[in-house]
Each structure stands twice: as C-alpha cells, then as structure tokens.
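Enquirer: no sequence on hand, only this structure:
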C-alpha cells in the first residue's frame, strides 16, 4: 500500500509539473512597473511619456510609432535611461520582460537596485542591435536576487537602432519568464 501511494504521488506530481511548464499567459507572480522614478528624456508630457510604461501593456502586440508607448525626446539622439518602481508585493527577482513596440533591440544594460548597498547591480548587458521590424517581449533571465527588487533601471543606446525606439511596459518576476513567451501570453494583451 505504501509503494502504491508513493507511486500515485509521483505520478500526480509528474502530471501537475508537466501542466505547469506549459505557458498559459503571463506568469502568476509577474509584477508590472507601478512608478516612474527617473528618466533621461521623454518625447512629450502627455503622449510617448515615461508614464506609458506603467502597468500592463496597452500597445503590445501592435508595432509602430504609437503614443501609448514611451520614447525619447530625440530620434536617434543619444544614450537614454528609465528607472521604474515595482512597489506592489516586493520580492526577489530573476526575470525582466521589456515590451518593445517600435524598432526593438536598443536596450543594452539592465540593472536592479540593491537595497543593501544602495547601488545598481547589472543583471544583463550586451551591445544594442536592431532586432527586426515587429514588436517583441525582450526577456532577460538571471540568478534570483538575494534581496527584494523594487527598482529597475534600463539603459539604452538610441543611436544603435535607427528610428524611434519605444517601450510599452516592463514586468519582473521571481521565476524565469519563458525566453519566447507563447501566443497565450501575447494574446493576453490584445
């Protein structure tokens, strides 16, 4: 009887684990940016402003120069940055998703604020380069932080990808977000 129960538990766990690996939309613990803490520039104070990055996507999966996403003051102008707050339900993080909706590939460094040191820890860095002509969810997975993440800084090279570069939303999670979110994740924002 003991062996049968253990086998049933293993079988049940296997089935449940298999079901949870299939993506059925955004991860359960995803947190959306809820505060703009700073930025180098924004195109306008009412459209294409930094506040457009707050909350769930309202532009993605659409692609184009759309006023419900953030963009910089100057096209192809200079390096830019945005600092966003994630104050609801503070937790460690191991994943960041950036919803790029126009001329993606301009992000070159992502930081999280370390409350223990007061400094910015780099969680990802690479050379900015054009990433096609459609919107994308740019996902960066990294080792789980040992501290709660409530601030993220995104640095961008706007000269590396020609044209206006736009971000609709930013999410973080304490579990890895799939590197290629499936159509059910995407459909959740249509």
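Expert: Cool, got the structure. On a predicted model such as this, the values are computed, not experimentally measured, just so you know. Numbering: from 1, shown residues only.
Enquirer: give the next helix or strand downstream of the helix or strand bottoming out on mean pLDDT in the chain.
Expert: Within the chain, judged by mean pLDDT, DSSP states H and E, the helix or strand with the poorest mean is helix 2-21; its value is a mean of 37. Using DSSP states H and E, the next helix or strand after helix 2-21 towards the C-terminus is strand 31-32.
Enquirer: would you confirm that residue 126 contacts residue 106?
Expert: No: proximity of residue 126 to residue 106 does not meet the contact threshold set by C-beta atoms under 8 Å, at 11.5 Å. C-beta: built from backbone N, CA, C; applies to glycine.
Enquirer: wait, residue 169 touches residue 56, no?
Expert: Yes: under the criterion of C-beta under 8 Å, residue 169 is in contact with residue 56, at a separation of 6.1 Å.
Enquirer: buried stuff in stretch 142-159?
Expert: Neighbour-count burial for stretch 142-159 flags 142, 145, 147, 149-158 (criterion: 16 or more other C-beta atoms under 10 Å).
Enquirer: between all of these, which two are separated the most?
Expert: Distances among those were taken as C-beta to C-beta; the most separated pair is 147 and 158, at 30.4 Å.
Enquirer: residues contacting the residue positioned nearest the centre of the chain?
Expert: With distances taken as C-alpha atoms, centre = their mean, the chain has residue 97 as the residue nearest its mean C-alpha position (1.9 Å). By C-beta atoms under 8 Å, 6 or more residues apart in numbering, the contact set of residue 97 is 30, 137, 138, 139, 140, 170, 171, 172, 173, 177, 181.
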